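Enquirer: Using only what follows, build the 3D model:
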Amino acid sequence: TDLGGWRLHDSGASVFVFPSGITLAPNARLLVYADDGNTAMPGLHAPFKLSAGGEYLGLKDAGEAVVNEFSPSFPAQVNNVSYGIGDDGTTIGFLLAPTPGTANAAASAGACAKPTISVKGKWFDDVFSVTLATATAGATIYYTTDGSTPTSSNGTEYDDPIQITTSTT
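Expert: Residues are numbered from 1 along each chain as shown. Purely as a prediction, here's the structure:
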(Lines give C-alpha, C1' and ligand atoms only; values in the text may rest on other atoms or scores of the structure.)
Protein backbone atom coordinates (compact mmCIF):
# COMPACT_ATOMS: atom_id res chain seq x y z
CA THR A 1 0.00 0.00 0.00
CA ASP A 2 1.29 3.45 -0.91
CA LEU A 3 0.97 5.61 2.21
CA GLY A 4 1.12 8.88 0.27
CA GLY A 5 -1.51 11.20 1.78
CA TRP A 6 -2.12 9.05 4.87
CA ARG A 7 -2.04 11.08 8.10
CA LEU A 8 -1.11 10.83 11.76
CA HIS A 9 -3.21 13.13 13.97
CA ASP A 10 -2.66 14.02 17.60
CA SER A 11 -4.96 15.88 19.99
CA GLY A 12 -3.75 19.24 18.73
CA ALA A 13 -3.98 20.71 15.26
CA SER A 14 -0.70 19.09 14.17
CA VAL A 15 -0.84 16.52 11.41
CA PHE A 16 1.89 14.43 9.83
CA VAL A 17 1.17 13.64 6.16
CA PHE A 18 3.06 10.68 4.71
CA PRO A 19 4.88 11.55 1.49
CA SER A 20 4.10 9.64 -1.72
CA GLY A 21 6.23 6.65 -2.57
CA ILE A 22 6.31 5.04 0.86
CA THR A 23 4.89 1.56 0.49
CA LEU A 24 4.33 -1.17 3.04
CA ALA A 25 3.89 -4.87 2.43
CA PRO A 26 1.55 -6.82 4.74
CA ASN A 27 3.04 -7.12 8.26
CA ALA A 28 5.81 -4.62 7.43
CA ARG A 29 6.73 -1.86 9.87
CA LEU A 30 7.47 1.83 9.54
CA LEU A 31 8.91 3.97 12.32
CA VAL A 32 7.72 7.58 12.62
CA TYR A 33 9.28 9.73 15.33
CA ALA A 34 6.77 11.95 17.15
CA ASP A 35 9.53 14.40 18.08
CA ASP A 36 8.25 17.78 16.93
CA GLY A 37 10.09 17.47 13.61
CA ASN A 38 13.54 17.06 15.18
CA THR A 39 15.47 15.58 12.26
CA ALA A 40 18.67 14.80 14.16
CA MET A 41 18.07 11.13 13.35
CA PRO A 42 17.34 9.88 9.82
CA GLY A 43 13.76 8.83 9.17
CA LEU A 44 10.23 10.22 9.25
CA HIS A 45 9.50 12.89 11.85
CA ALA A 46 6.03 14.11 12.86
CA PRO A 47 5.66 17.85 13.59
CA PHE A 48 4.35 17.10 17.10
CA LYS A 49 5.28 15.36 20.33
CA LEU A 50 2.97 13.04 22.21
CA SER A 51 1.91 13.95 25.73
CA ALA A 52 3.22 11.67 28.49
CA GLY A 53 -0.12 12.30 30.20
CA GLY A 54 -2.01 10.65 27.32
CA GLU A 55 -3.82 12.07 24.32
CA TYR A 56 -5.58 11.14 21.09
CA LEU A 57 -3.48 9.57 18.33
CA GLY A 58 -4.99 8.41 15.07
CA LEU A 59 -3.91 7.05 11.70
CA LYS A 60 -6.16 8.03 8.79
CA ASP A 61 -5.93 6.98 5.16
CA ALA A 62 -5.74 9.44 2.25
CA GLY A 63 -9.56 9.68 2.25
CA GLU A 64 -9.54 10.64 5.97
CA ALA A 65 -11.07 7.30 7.08
CA VAL A 66 -9.76 6.18 10.49
CA VAL A 67 -7.50 3.13 10.07
CA ASN A 68 -6.45 2.91 13.73
CA GLU A 69 -6.67 5.20 16.74
CA PHE A 70 -6.19 5.52 20.48
CA SER A 71 -9.50 7.16 21.31
CA PRO A 72 -10.36 9.10 23.32
CA SER A 73 -6.67 8.80 24.26
CA PHE A 74 -3.85 6.48 25.14
CA PRO A 75 -3.21 6.40 28.92
CA ALA A 76 -0.54 8.24 30.88
CA GLN A 77 2.83 6.81 29.94
CA VAL A 78 5.56 5.23 32.04
CA ASN A 79 9.24 6.15 31.61
CA ASN A 80 11.21 3.66 29.50
CA VAL A 81 8.10 1.61 28.64
CA SER A 82 6.48 1.59 25.19
CA TYR A 83 2.75 1.51 24.49
CA GLY A 84 1.03 0.00 21.48
CA ILE A 85 -0.44 -3.11 19.89
CA GLY A 86 1.04 -6.36 21.20
CA ASP A 87 2.47 -9.28 19.26
CA ASP A 88 -0.98 -10.88 18.89
CA GLY A 89 -2.11 -7.92 16.76
CA THR A 90 -5.10 -7.14 18.96
CA THR A 91 -4.06 -6.53 22.57
CA ILE A 92 -3.32 -2.85 23.23
CA GLY A 93 -1.18 -2.03 26.22
CA PHE A 94 2.25 -1.44 27.68
CA LEU A 95 5.24 -3.10 26.01
CA LEU A 96 8.10 -3.61 28.43
CA ALA A 97 10.71 -4.04 25.70
CA PRO A 98 10.89 -1.22 23.12
CA THR A 99 11.13 -2.72 19.63
CA PRO A 100 11.60 0.09 17.10
CA GLY A 101 11.38 -1.30 13.57
CA THR A 102 10.69 -4.88 14.70
CA ALA A 103 7.65 -6.82 15.89
CA ASN A 104 6.25 -5.80 19.25
CA ALA A 105 6.38 -8.12 22.24
CA ALA A 106 3.32 -9.07 24.25
CA ALA A 107 1.28 -6.16 25.58
CA SER A 108 0.20 -5.78 29.19
CA ALA A 109 -3.19 -4.24 29.94
CA GLY A 110 -1.80 -1.94 32.58
CA ALA A 111 1.15 -0.89 34.64
CA CYS A 112 1.81 -1.61 38.29
CA ALA A 113 2.01 1.05 40.91
CA LYS A 114 5.56 1.81 41.99
CA PRO A 115 6.63 -0.54 44.81
CA THR A 116 7.15 0.89 48.27
CA ILE A 117 10.16 -0.10 50.37
CA SER A 118 9.93 -0.03 54.16
CA VAL A 119 13.51 1.16 54.75
CA LYS A 120 15.39 4.01 53.08
CA GLY A 121 18.95 3.26 51.98
CA LYS A 122 21.65 4.19 54.47
CA TRP A 123 24.36 2.59 56.63
CA PHE A 124 23.05 0.15 59.23
CA ASP A 125 25.05 -1.53 61.99
CA ASP A 126 22.45 -4.15 62.86
CA VAL A 127 20.49 -6.88 61.09
CA PHE A 128 17.09 -5.66 59.91
CA SER A 129 14.13 -6.60 57.68
CA VAL A 130 12.89 -4.90 54.53
CA THR A 131 9.29 -5.20 53.38
CA LEU A 132 8.10 -4.45 49.86
CA ALA A 133 4.55 -3.69 48.71
CA THR A 134 2.57 -2.34 45.77
CA ALA A 135 -0.97 -0.98 45.56
CA THR A 136 -1.55 -3.06 42.41
CA ALA A 137 -3.67 -6.10 43.30
CA GLY A 138 -2.24 -9.38 42.04
CA ALA A 139 1.16 -7.92 41.15
CA THR A 140 4.34 -9.91 41.71
CA ILE A 141 7.44 -8.11 42.97
CA TYR A 142 10.95 -9.32 42.12
CA TYR A 143 14.10 -8.02 43.76
CA THR A 144 17.87 -8.42 43.50
CA THR A 145 20.67 -7.84 45.98
CA ASP A 146 23.48 -7.31 43.46
CA GLY A 147 22.35 -4.00 41.92
CA SER A 148 21.04 -5.59 38.69
CA THR A 149 17.57 -4.87 37.35
CA PRO A 150 15.04 -7.32 38.77
CA THR A 151 12.84 -9.22 36.32
CA SER A 152 10.94 -12.50 36.47
CA SER A 153 14.03 -14.26 35.08
CA ASN A 154 16.63 -12.23 37.03
CA GLY A 155 15.82 -11.89 40.68
CA THR A 156 13.94 -13.37 43.58
CA GLU A 157 10.18 -13.29 43.88
CA TYR A 158 9.24 -11.34 47.02
CA ASP A 159 6.92 -13.10 49.43
CA ASP A 160 8.31 -12.48 52.93
CA PRO A 161 10.32 -9.66 54.52
CA ILE A 162 13.92 -9.69 53.35
CA GLN A 163 16.45 -10.22 56.16
CA ILE A 164 19.50 -8.01 55.65
CA THR A 165 22.48 -9.43 57.53
CA THR A 166 25.44 -8.11 55.52
CA SER A 167 26.31 -5.17 53.28
CA THR A 168 23.71 -5.38 50.49
CA THR A 169 22.63 -3.38 47.45
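
Enquirer: what about Ser148, is that helix, strand or coil?
Expert: What DSSP: H, G, I helix; E, B strand; the rest coil gives for Ser148 is coil.

Enquirer: give the contact list for Thr99.
Expert: By CB atoms under 8 Å, 6 or more residues apart in numbering, the residues touching Thr99 are Ser82, Ala105. Any C-beta I mention is one placed from the backbone N, CA and C, and that applies to glycine too.

Enquirer: ditto for Ile117
Expert: With CB under 8 Å, 6+ apart, Ile117 has these contacts: Val130, Thr131, Leu132.

Enquirer: go again using 10 Å as the cut-off
Expert: Ile117 makes contacts with Val130, Thr131, Leu132, Ala133, Tyr143, Ile162, as judged by CB atoms under 10 Å, 6 or more residues apart in numbering.

Enquirer: same deal with Asp87?
Expert: Per CB under 10 Å, 6+ apart, neighbours of Asp87: Leu95, Thr99, Ala103, Asn104, Ala105, Ala106, Ala107.

Enquirer: re earlier: pull out the buried residues from the contacts of Ile117.
Expert: By neighbour count, with 16 or more other CB atoms under 10 Å, those hold Ile162 as buried.

Enquirer: if we can go back for a sec, is it possible to get CSV of the contacts of Asp87 that adds pLDDT?
Expert: What follows is the contacts of Asp87, written out as CSV (pLDDT from 0 to 100):
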residue, pLDDT
Leu95, 86
Thr99, 84
Ala103, 87
Asn104, 89
Ala105, 86
Ala106, 86
Ala107, 87
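
Enquirer: Can you go through these and name the buried ones?
Expert: Leu95, Asn104, Ala107.

Enquirer: would CSV of those with distance to Tyr56 and secondary structure be doable?
Expert: Below are the buried ones among the contacts of Asp87 laid out as CSV (distance: CB to CB, whole Å; DSSP: H, G, I helix; E, B strand; the rest coil):
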residue, distance to Tyr56, secondary structure
Leu95, 20, strand
Asn104, 21, coil
Ala107, 19, coil
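
Enquirer: Just send those back as JSON lines, with distance to Gly5 too.
Expert: Below are these laid out as JSON lines (distance: CB to CB, whole Å):
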{"residue": "Leu95", "distance to Gly5": "29"}
{"residue": "Asn104", "distance to Gly5": "26"}
{"residue": "Ala107", "distance to Gly5": "29"}
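
Enquirer: Going by distance to Gly155, which of these wins?
Expert: Nearest to Gly155 out of these is Leu95 (CB to CB; 20.2 Å).

Enquirer: Quick check: closest non-adjacent residue to that closest one.
Expert: Ser82 (4.1 Å; CB to CB, 6 or more residues apart in numbering).

Enquirer: Can you give me the end-to-end span of stretch 64-76?
Expert: Length of stretch 64-76, first residue to last, CA to CA, to the nearest Å: 27 Å.
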